[in-house]
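Chemist: Have a look at this prediction, sequence included:
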Amino acid sequence: GDSVTQMEGPVTLSEEAFLTINCTYTATGYPSLFWYVQYPGEGLQLLLKATKADDKGSNKGFEATYRKETTSFHLEKGSVQVSDSAVYFCALTLSGYALNFGKGTSLLVTP
Amino acid sequence: DTAVSQTPKYLVTQMGNDKSIKCEQNLGHDTMYWYKQDSKKFLKIMFSYNNKELIINETVPNRFSPKSPDKAHLNLHINSLELGDSAVYFCASSRTGDYTGELFFGEGSRLTVL
């Protein structure tokens, strides 16, 4: 079935470090890809998205590029802040209805 | 204004009881969802309704019954609660025809079964 695989956490970084969270997908067609973020005690919220190959989604300093050749959508940020500590979920949809989520990667940024 | 609101936010109950979680969205969306998040943060879709019609029904015990009285509401009723039902349940909504599939989530309802 259609699915995403993202790197296991937790990831612990110092403030201002570079962040990469890997995400690869398996899909029978051409999915839309997403990164959602869940801050402690809250629901998920959309961080960025890309709907076709080579699209780059960006928001709040985070970026991810839809790579069809490597079936990947890795999340990056050049300089993380303590406030970025959260759980990050990669997700895809083919139907436009439901999202299939990865298992989430917990990020802890220390001062 | 809360876009997707769920009640209650916390629910503690005994095994064998029946409980409901309510969800309402004021975004004008016509598709709504229930997701279950386990203790390891894994999110799994349970149900989806589009204009009050069930369109996704994943492998979920039939003790779980969703009900959508109108397209702004999707409630989840759980019968004969079991320990394994303890989780955070998230309601979400999206706009039909938005094939990018962006979902808007509620804050979650944490169910603890003792």
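Modeler: Perfect, I can see it now. Numbering: from 1, shown residues only, chains lettered A, B, ... in the order given.
Chemist: how about the residue nearest to the spatial centre of chain B, what does it touch?
Modeler: Central residue of chain B (CA atoms, centre = their mean): B:W34, 2.9 Å from the mean position. Counting by CB atoms under 8 Å, 6 or more residues apart in numbering or on different chains, B:W34 touches B:C23, B:I45, B:M46, B:F47, B:S48, B:P66, B:L74, B:L76, B:Y89, B:F90, B:C91, B:A92. All C-beta atoms are positioned from the backbone trio N, CA, C, and that covers glycine.
Chemist: How about the residues of chain A by chain B?
Modeler: Residues of chain A lying near chain B by CB under 8 Å from any CB of the partner chain: A:32, A:34, A:38, A:41-46, A:49, A:51, A:87, A:89, A:93, A:95-101, A:103-104, A:106.
Chemist: I'd like the next helix or strand past the helix or strand harbouring A:L13.
Modeler: Secondary structure from DSSP states H and E places A:L13 in strand A:11-14. Next in sequence after strand A:11-14, counting helices and strands by DSSP H and E, comes strand A:19-21.
Chemist: Note down every partner strand of that following strand and its orientation.
Modeler: Strand A:19-21 has the following strand partners under DSSP bridges: strand A:75-77 (antiparallel).
Chemist: neighbouring contacts of the strand it pairs with?
Modeler: Residues contacting strand A:75-77 (CB under 8 Å, 6+ apart): A:18-21, A:23, A:35, A:47, A:61-64, A:84, A:88, A:90.
Chemist: before we move on, what about stretch A:56-72?
Modeler: For stretch A:56-72, contacts defined as CB under 8 Å, 6+ apart pick out A:22-27, A:30, A:33-35, A:47-55, A:73-79.
Chemist: Now list the buried members of those residues.
Modeler: Applying 16 or more other CB atoms under 10 Å in any protein chain shown to the contacts of stretch A:56-72, the neighbour count classes A:22-25, A:27, A:33-35, A:47-51, A:55, A:73-75, A:77 as buried.
Chemist: So A:T105 versus A:S85, what's the distance?
Modeler: According to CB to CB, to the nearest Å, A:T105 and A:S85 sit 12 Å apart.
Chemist: How about A:M7?
Modeler: A:M7 is 17 Å from A:S85, by CB to CB.
Chemist: can you check B:M32 too?
Modeler: Relative to A:S85, and taking CB to CB, B:M32 is found at 30 Å.
Chemist: Out of the contacts of strand A:75-77, list just those in strands.
Modeler: If you go by DSSP state E, those have A:L19, A:T20, A:I21, A:C23, A:W35, A:L47, A:F62, A:E63, A:A64, A:Y88, A:C90 in strands.
Chemist: of all the residues in chain B, which ones are close to chain A?
Modeler: Contact residues (CB under 8 Å from any CB) of chain B with chain A: B:4, B:31, B:33, B:40-45, B:48, B:50, B:55-56, B:90, B:92, B:94, B:97-103, B:105-108.
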